[in-house]
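Asker: Sequence plus predicted model, see below.
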Amino acid sequence: MQCRDILLYIGDSRDVVKRILSTHCTGNVEGSALRLAVAEALGYPIVREKRPSGWTRTRIAIPGSRQAEHEISAFIQSCVWRYVLCATYEEAHDFQWYAIDKLRPKLNKDRKPWIAAKASRYAQLLESLLAQPPTPCTDLDRRKSGPGVYLLSRGRI
């Protein structure tokens, strides 16, 4: 395995660069499972409230939560990203579970099954993902995007 960073999170998207920049590097814990996982890892209390619409509102349960969101953004922006594009979003979505299963990143709590018949293809995608150069948030907007799987990492082990 070429990636020697501490693996923090793996996710999928229909547009990986847009997802990383608009939802993870900025935003709030309600719009991003990654931001929520980082908030919990940093020790912020989380509250979930049922809305009249039936949706659940998720937020940081402290006064001045805007500052906490800025701290989460700063943490995520201090990390680096790798991603691999997939043929379709459906492939990316399934491959995500393969990558999580194989790499066990610290912040991914969910584990779901993946299509075993695609193990060979997914092994190639995982090798490609890990071989990508680490890229900071500030350099992602110049990169090609599309459906794929991204990996957030930090530091060297």
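Answerer: The structure has been received and is ready for your questions. Numbering: from 1, shown residues only.
Asker: for the protein, longest helix please?
Answerer: Counting residues, the longest helix in the chain under DSSP state H turns out to be helix 89-103.
Asker: That one: how far from the chain's middle?
Answerer: Averaging C-alpha positions (Cα atoms, centre = their mean, to the nearest Å) puts helix 89-103 12 Å from its chain's average.
Asker: Mean confidence (pLDDT) on it, please.
Answerer: The average pLDDT within helix 89-103 is 98.
Asker: got it, and stretch 45-56?
Answerer: 90.
Asker: Tell me which stretches of this structure form strands.
Answerer: 5-13, 46-50, 56-60, 80-85, 135-136, 148-156 (DSSP state E).
Asker: can you tell me which of those comes nearest to A37?
Answerer: A37 lies closest to strand 5-13 among those, at 6.5 Å (Cβ to Cβ). C-betas here are computed from N, CA, C, even on glycine.
Asker: Show me which positions of the longest helix of the chain end up buried.
Answerer: Buried residues in helix 89-103, defined by neighbour count with 16 or more other Cβ atoms under 10 Å: 91-100, 103.
Asker: Which secondary structure elements does it sit against?
Answerer: strand 5-13, helix 119-131, strand 148-156 (3 or more Cβ pairs under 8 Å, 6 or more residues apart in numbering; DSSP states H and E).
Asker: Make JSON lines from these and add mean neighbour count, distance to D141 and mean pLDDT to it.
Answerer: As requested, the helices and strands packed on helix 89-103 are exported to JSON lines (neighbours: other Cβ atoms under 10 Å; distance: least, Cβ to Cβ, whole Å; pLDDT from 0 to 100):
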{"stretch": "strand 5-13", "mean neighbour count": "22", "distance to D141": "15", "mean pLDDT": "89"}
{"stretch": "helix 119-131", "mean neighbour count": "16", "distance to D141": "20", "mean pLDDT": "97"}
{"stretch": "strand 148-156", "mean neighbour count": "22", "distance to D141": "14", "mean pLDDT": "87"}
